[in-house]
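**Q** Fold the stuff below for me.
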Amino acid sequence: MPKVSKATASSHLLFPGYLDEYEQETADWTVSIESCLTDLDMAPFFKGAPNDQCQASHMGYVTKGKFGVRTADGVEEVFEAGDAFVIAPGHTPIMFAGSEYVAFTPTEEAKAQAAVMMPNVVKYAEEHGIELPAEVTSSSSPTSLS
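**A** Next up is the predicted model:
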C-alpha cells in the first residue's frame, strides 16, 4: 500500500511567501500536503476554467489552522484544524496563513486544473514580483493547489 509524507513525496514546490507543497501521485489519486504561508483568495488562478472555478473534487483533512472555499453561489465554507472535508467541483480556494492540510484529488482532475492554473500562477507571480522555482515556470506542475 503506497503512502505519502513530506519526507517521501515525489515533488516539493515552494512558492516563496505563499505556499509550501509536497505532492505525489499514487494509484489514481494525487496526494498533496500544503502549508499556506499567507492569506490569499486563489480566484485569480482559476481564470479560464469553467465559471473561473476549480473543477476538481477534493477530500482532505486540515491539520493546522484553517482552509476555505467559495462556491459558485458565493457561499464561503471554512474548515478548521481537525475537520475532514469533501469539496465538489465548482469552487475557489481561500488560503489562510499558518494553515496546513492534506488533500486527495483524482489525478486526472488535478492535471486538468493544473493546465488552467499554472499560466495564471506565472502571470500573478510576474505581476507581483514573485520569483517562482524554475520547474513551475517550465512545466504544468504542481497538479493541485486545490
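**Q** thinking Ile87 is in contact with Val69, fair?
**A** Yes - contact criterion Cβ atoms under 8 Å: Ile87 and Val69 qualify, at 5.6 Å. In this view, the C-beta of every residue, glycine as well, is placed from N, C-alpha and C.
**Q** Can you give me the buried ones in the lengthiest helix in the chain?
**A** As assigned by DSSP state H, the longest helix anywhere in the chain is helix 107-127. Neighbour-count burial for helix 107-127, counted by 16 or more other Cβ atoms under 10 Å, picks out 107, 109-111, 113-114, 116-118, 120-121, 124-125.
**Q** Low-confidence stretches in the chain?
**A** Within the chain, the ranges that satisfy pLDDT under 70 run 1, 135-146.
**Q** hey, where'd the strands end up in it?
**A** Using DSSP state E, the strands of the chain run over 11-15, 19-26, 29-36, 40-41, 58-64, 66-71, 76-80, 84-87, 91-95, 100-106.
**Q** Can you redo those as a markdown table, where the extra columns are distance to Ile130 and mean neighbour count?
**A** Below are the strands of the chain laid out as a markdown table (distance: least, Cβ to Cβ, whole Å; neighbours: other Cβ atoms under 10 Å):
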| stretch | distance to Ile130 | mean neighbour count |
| --- | --- | --- |
| strand 11-15 | 7 | 17 |
| strand 19-26 | 11 | 20 |
| strand 29-36 | 15 | 23 |
| strand 40-41 | 11 | 16 |
| strand 58-64 | 23 | 18 |
| strand 66-71 | 21 | 20 |
| strand 76-80 | 25 | 14 |
| strand 84-87 | 26 | 14 |
| strand 91-95 | 14 | 23 |
| strand 100-106 | 21 | 21 |
